[in-house]
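Peer 1: Please work out how this folds:
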Amino acid sequence: MRFIGHLDVMRFFQKAIRRAEIPIAFTSGYSPHMIMSFAQPLGVGVTSDGEYFDIELTEAIASEQAVAQLNAVMVEGIEVTGFREISSDKKASGMTIVAAADYKVTQPQTFQHAEDIRVLSKKWKDSVCAFMKEPQIIVWKKTKRSEKEVDIKPMIYDMHAEDDGIFLFLATGSEQNLKPDLVMEAFLRFIGENPEEVPLHFHRLEVYAKNPKSAGGTTKNDFISLEDLGKDIVTT
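Peer 2: Model prediction:
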């Protein structure tokens with residue numbers, strides 16, 4: 001599933017919603033389409049446990065029922081884990097409210113298999129601390145129009161190593177967006193390794209919005225998962 005592109009995933013969900021008989025709303029006009037938007041499209045090759053999309057309904061459906069109906073038509077590798085209502089005061093496009101995401105980066109034995117991973121070496125563990133102590137982390141960052149040098153250090157909210165991988169907590173969304181592969185490329189160059197010769201696998205754990213109660217910091221407490229913005233729908 002990690003090699004399926006975002007547009008194909010979106011088309012899959014459009015078909016799944018029809019098959020699951022979810023009462024989704026459509027736009028008006030000559031070419032109506034489902035009112036659906038994904039919070040933060042996932043890159044090809046990346047797996048995830050924390051993906052979200054917004055839809056608008058024409059009538060209420062219980063969360064438990066919606067999850068069961070959707071999972072009955074899902075393919076292997078995709079599972080719906082929650083279906084939550086967002087109150088009117090929190091409604092916004094997922095793309096506009098996403099502010100951060102966290103990832104687990106593992107080192108597979110080969111480029112062909114992401115499942116068979118290595119235990120992180122002491123060199124990597126020690127180097128993560130040294131990397132994060134750097135006053136600046138300058139990289140070449142490509143945009144749609146140009147390529148420029150950028151200090152990505154302020155966009156790395158956390159980076160730490162454990163035995164089975166490196167954990168990243170990064171700025172994500174429309175305001176600031178840092179991809180995990182760019183961080184790891186800078187890290188590998190920092191420790192004198194060629195990024196093209198080191199197999200890595202990226203797994204997104206969760207996507208976050210800014211916590212309304214936060215004072216504007218960049219710790220985990222300053223963010224809230226998108227799921228926690230809503231509540232389960234209960235119908236009678």
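Peer 1: mind listing what residue 130 touches?
Peer 2: residue 190 (Cβ atoms under 8 Å, 6 or more residues apart in numbering). Yep, even glycine has a C-beta here, placed from its N, CA and C like the rest.
Peer 1: Do me a favour and get the end-to-end distance for stretch 196-204?
Peer 2: 21 Å (Cα to Cα, to the nearest Å).
Peer 1: and that stretch, how far out from the chain's middle?
Peer 2: 16 Å (Cα atoms, centre = their mean, to the nearest Å).
Peer 1: Using neighbour counts, pick out the buried residues of that stretch.
Peer 2: In terms of neighbour count (16 or more other Cβ atoms under 10 Å), stretch 196-204 has its buried residues at 200-204.
Peer 1: Closest one of the residues you listed to residue 156?
Peer 2: Taking Cβ to Cβ as the measure, residue 156 lies nearest residue 202 of the buried residues of stretch 196-204, at 14.6 Å.
Peer 1: Looks like that closest one contacts residue 103 (just checking).
Peer 2: Yes - judged on Cβ atoms under 8 Å, residue 202 makes contact with residue 103 at a distance of 5.6 Å.
Peer 1: Between the two, which contacts overlap?
Peer 2: residue 180.
Peer 1: hey, which helix is longest across the chain?
Peer 2: Ranked by residue count under DSSP state H, the longest helix found in the chain is helix 6-19.
Peer 1: Now find how far off-centre the following helix or strand past that one is within its chain.
Peer 2: The helix or strand immediately downstream of helix 6-19 is strand 36-38, counting by DSSP states H and E. Relative to the mean C-alpha coordinate of its chain, strand 36-38 is positioned 14 Å out (Cα atoms, centre = their mean).
Peer 1: All set now, cheers.
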